[in-house]
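Chemist: below are the sequence and a predicted model for it; my questions follow.
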Amino acid sequence: MDSNKRLEVLTRQLCAANITAGKTASNSSTNGPELLDAQSLQQICPKQLADVLVHDNPDVRNAVFEMLKEDLFKPNYYQSMMDFREQTLQRLKRFVSTDFCGRKFDVRDYLNDPRRFMALLECLSYSDYSMAIKAGVHFTLCGGTICKLGTAKHHEAYLPRMNTLDLPGCFGMTELGHGSNVMGIETTAVYDSRSQEFVINTPNNEASKYWIGGSGQHGKLCAVFAQLTVNNKWEGPHVFMVRIRDDQGRITPGVRIKDHGPKMGLNGVDNGQIWFDNVRTSRDAMLDRFASVDAQGNYSSPIPTVSARFGTMVGGLTTGRILIGQGAVTACMIGTTIAIRYSVQRPQFGDKLIMDYLSHQRRLLPGLAVTYAMQLGMKRLKVAAFDTPKPDGKFVHVLSAGLKAAATWSRVEILQNCRECCGGMGFLAANKIGPMKTDMDVDVTFEGDNTVMMQQVARALLDDRATSRLNSVGPFDRVALAASSFITNQQLHKLLALHEQHLVVTIRDAMQSAASGASGRNAAAAAQAAFDDNLDLVVELGWAHVEKLCMGYMIDEARAAPAGAGAGIGALAQLFAATRIEKRAAR
């Protein structure tokens, strides 16, 4: 079925009107305002819509897609885990050796050309998520950390060999006993002034580095987060580049690694657990852009406090978080494309297409709208993070945390609906939805646990000074809908904003009430206890904020885009907001 025919079927379902000889039935209703204007949907241009969804570097992306057509990148669901790992490594070697529009991938573009850096890595998830994650760990987490926290000596020592995969890297932050609480990691790095070395140790099993991608089999270099002590003074977490295997692939002295083996999915990535026993690294092994130890053993940093330094150390995680969120949106694009194309061609009980059943529409079309909303949200996030001369760090953190959580949680729901709406065909590995579901299930807890991410979003809103001036949502704030034939995007956006405001005021008042009977630290503790007692509303507030922002971005994009794209985005914006309001109202 060609794109125009598919569009005709979808239009019929979106506007609940019969299309006959190119004309639509009247949209007048005696039952209240309608959501969609069928006439405006006739303006939709699939090509213009597709162009809007591509954020940047279209030629570079197309070059990657051409490479992904090679036999090496075809899935093989019959191979063993070890063969899959080797295939993933060989795929990445092909990736780094390929010229994309005049030059190869370069990890230094993490700083020099971040949009190109991300565009190249994003494209890998269209083929295989194991390849995308192994590349992300190596280039973004390990390589990006070197770029951001290291200096010229580190860039020269490591990055050229990382570009060719001669020096496979991994990222040693998470510990068995410390996932979200990175500040509490227990791995230690003590400076020995006599030898001018750092001594890295794992003091107990809970301090072992855990789920470290790339460490199980291929990794040779690890960016190790450890608590630094210099001259008996604790200086907080810092990053040290530690060789865990030599150039021949042998584990280095003092290092112990356990391969995690088979997992629920993502078995092309060799995750492992690492222990360090008096591993000595040179003074230059510490990434020292923001803190250094001189030859005499004197520690110095332009950042005065441990907490502020820690914020700088983990600030580089934003890029990885954006890539995880974008990967989830990409999966939703793939899943909804497969399921909707199948549904507008598959008849059941005679000639009636399964997409013509309301139950089918209600399962797939809201997911399509959410996918567009999240993709346009990611577009705005990338502009804020990478295209702004002086990025607003707080805004970027809040939006990246919220979008990562919302996109990955949405992916879980959308892919499940896509799988079910394809029936048995959706269960076949060859049809991609199933493997994506199992491979990507980890994205809701890595690069920031989603519940924690939404708490960070809510906390930022509650800490905003403007929050203290908000009033409860009263009857005069409610949007009047009955006076018009159609509900506008602006009205729906207002409803989403009022929902967010209601949650902010509810949580704020609970915290203020709890703190009112105490003072000093006791008041702060009481407010925190009230926050914890309302965590269900806190997470809901994170959702409300993301949904409000994404709806606003869709409205802006519908206005700015060419008419053929704007009509489609406008219709999907209405569906997005209406289904979000319906979903929240049911709670």
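Modeler: Yep, it's here.
Chemist: touching, residue 534 and residue 510? I think so.
Modeler: Yes - using CB atoms under 8 Å as the test, residue 534 is close enough to residue 510 to be in contact (5.6 Å). From N, CA and C alone the C-beta is placed, and that goes for glycine too.
Chemist: quick one: end-to-end distance for stretch 168-181.
Modeler: The first and final residues of stretch 168-181 sit 27 Å from each other (CA to CA, to the nearest Å).
Chemist: tell me the buried residues in that stretch?
Modeler: Counting neighbours by 16 or more other CB atoms under 10 Å, one finds that the buried residues in stretch 168-181 are 168, 169, 170, 171, 172, 173, 174, 175, 176, 178, 179.
Chemist: just stretch 385-392 next, same as before
Modeler: Of the residues in stretch 385-392, 385, 386 count as buried by neighbour count, 16+ other CB under 10 Å.
Chemist: show me the contact partners of that stretch.
Modeler: Surrounding stretch 385-392, the residues in contact under the criterion CB atoms under 8 Å, 6 or more residues apart in numbering are 114, 115, 118, 318, 319, 322, 384, 396, 400.
Chemist: redo those residues as CSV? Include secondary structure, pLDDT and neighbour count.
Modeler: What follows is the contacts of stretch 385-392, written out as CSV (DSSP: H, G, I helix; E, B strand; the rest coil; pLDDT from 0 to 100; neighbours: other CB atoms under 10 Å):
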residue, secondary structure, pLDDT, neighbour count
114, helix, 95, 18
115, helix, 96, 17
118, helix, 96, 23
318, helix, 87, 23
319, helix, 90, 25
322, helix, 95, 25
384, helix, 95, 16
396, helix, 94, 20
400, helix, 96, 28
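Chemist: which one among those gets closest to residue 468?
Modeler: residue 396 (23.9 Å; CB to CB).
Chemist: residue contacts, the closest one?
Modeler: Residues touching residue 396, when contacts are defined by CB under 8 Å, 6+ apart, comprise 318, 381, 384, 385.
Chemist: ok, back up a step: and the contacts of stretch 385-392 as TSV, adding distance to residue 560?
Modeler: TSV is the format used below for the contacts of stretch 385-392 (distance: CB to CB, whole Å):
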residue	distance to residue 560
114	23
115	19
118	22
318	26
319	26
322	22
384	16
396	22
400	23
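Chemist: next one: the residue nearest to residue 180 when sequence neighbours are not counted from residue 399, what distance?
Modeler: Setting aside the residues directly before and after it, residue 180 is nearest to residue 452 in space (CB to CB, 6 or more residues apart in numbering), at 4.9 Å. For residue 452, the distance to residue 399 equals 16 Å [CB to CB, to the nearest Å].
Chemist: try residue 282
Modeler: Shown here: residue 282 relative to residue 399, a distance of 39 Å by CB to CB.
Chemist: residue 322 too?
Modeler: Distance, residue 322 to residue 399, using CB to CB: 9 Å.
Chemist: quick check: neighbours shared by the two?
Modeler: With CB under 8 Å, 6+ apart applied, the overlap between the contact sets of residue 322 and residue 399 consists of residue 381.
Chemist: specify the beta-bridge partners of residue 280.
Modeler: Following DSSP bridges, residue 280 is listed with bridge partners residue 199.
Chemist: report the contact partners of it.
Modeler: Taking CB under 8 Å, 6+ apart as the definition, contacts of residue 280 comprise 192, 195, 197, 198, 199, 200, 254.
Chemist: just those residues now: which is nearest residue 132?
Modeler: Taking those together and measuring to residue 132 by CB to CB, the closest member is residue 200, at 29.7 Å.
Chemist: for that closest one, give me its contacts.
Modeler: Taking CB under 8 Å, 6+ apart as the test, what residue 200 contacts is 187, 188, 189, 224, 226, 240, 242, 276, 278, 279, 280, 281.
Chemist: do you know how far the second one is from residue 291?
Modeler: The one in question is residue 188. 16 Å.
Chemist: show me the strands in this protein, by range?
Modeler: If DSSP state E is used as the criterion, the strands of the chain fall at 19-20, 23-24, 169-172, 188-192, 197-201, 209-212, 221-230, 233-243, 255-259, 272-276, 279-282, 292-293, 299-300.
Chemist: the residue nearest to residue 180 and residue 405, how far apart?
Modeler: From residue 452 to residue 405 the distance is 9 Å (CB to CB).
Chemist: looking at the strands of the chain, spot the one closest to residue 551.
Modeler: The closest approach between residue 551 and any of the strands of the chain, judged by CB to CB, belongs to strand 23-24 at 25.7 Å.
Chemist: not counting its neighbours along the chain, what's nearest residue 224?
Modeler: Using CB to CB, 6+ apart and skipping the chain neighbours, the partner closest in space to residue 224 is residue 172 (4.1 Å).
Chemist: surely the one you found touches residue 214?
Modeler: No - applying CB under 8 Å, one finds residue 172 not in contact with residue 214, separated by 10.2 Å.
Chemist: so what's the residue most central in space within the chain up against?
Modeler: Within the chain, the residue whose C-alpha comes closest to the C-alpha centroid is residue 325; the distance, by CA atoms, centre = their mean, is 1.9 Å. When contacts are counted by CB under 8 Å, 6+ apart, residue 325 is found next to 374, 378, 381, 400, 403, 404, 407, 408.
Chemist: likewise for residue 316?
Modeler: 144, 145, 148, 149.
Chemist: with residue 237 instead?
Modeler: Counted by CB under 8 Å, 6+ apart, residue 237 has contacts 182, 183, 185, 225, 226, 227, 228, 310, 313.
Chemist: could you tell me which of those count as buried?
Modeler: 182, 185, 225, 226, 227, 228, 310, 313.
Chemist: reformat the residues you listed as JSON lines; add pLDDT and distance to residue 205.
Modeler: As requested, these are exported to JSON lines (pLDDT from 0 to 100; distance: CB to CB, whole Å):
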{"residue": "182", "pLDDT": "85", "distance to residue 205": "18"}
{"residue": "185", "pLDDT": "95", "distance to residue 205": "14"}
{"residue": "225", "pLDDT": "96", "distance to residue 205": "17"}
{"residue": "226", "pLDDT": "96", "distance to residue 205": "16"}
{"residue": "227", "pLDDT": "97", "distance to residue 205": "17"}
{"residue": "228", "pLDDT": "96", "distance to residue 205": "22"}
{"residue": "310", "pLDDT": "87", "distance to residue 205": "24"}
{"residue": "313", "pLDDT": "81", "distance to residue 205": "24"}
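Chemist: which one of residue 188 and residue 291 is surrounded by more residues?
Modeler: residue 291 (22 against 18; other CB atoms under 10 Å).
Chemist: and the gap between that one and residue 544?
Modeler: Separation of residue 291 from residue 544 (CB to CB) stands at 38 Å.
Chemist: before we move on, what about residue 197?
Modeler: Here the criterion is CB to CB. By it, residue 197 lies 51 Å from residue 544.
Chemist: give me the more crowded residue out of those two.
Modeler: Using other CB under 10 Å, the more surrounded residue of residue 197 and residue 544 is residue 544, with 27 against 17.
Chemist: enumerate every residue touching that one.
Modeler: Applying CB under 8 Å, 6+ apart to residue 544 gives the contacts 496, 499, 500, 503, 584.
Chemist: how about the second one: what's its closest non-neighbour residue?
Modeler: Counting by CB to CB, 6+ apart, residue 499 lies nearest to residue 544, which is 5.1 Å off, once chain neighbours are set aside.
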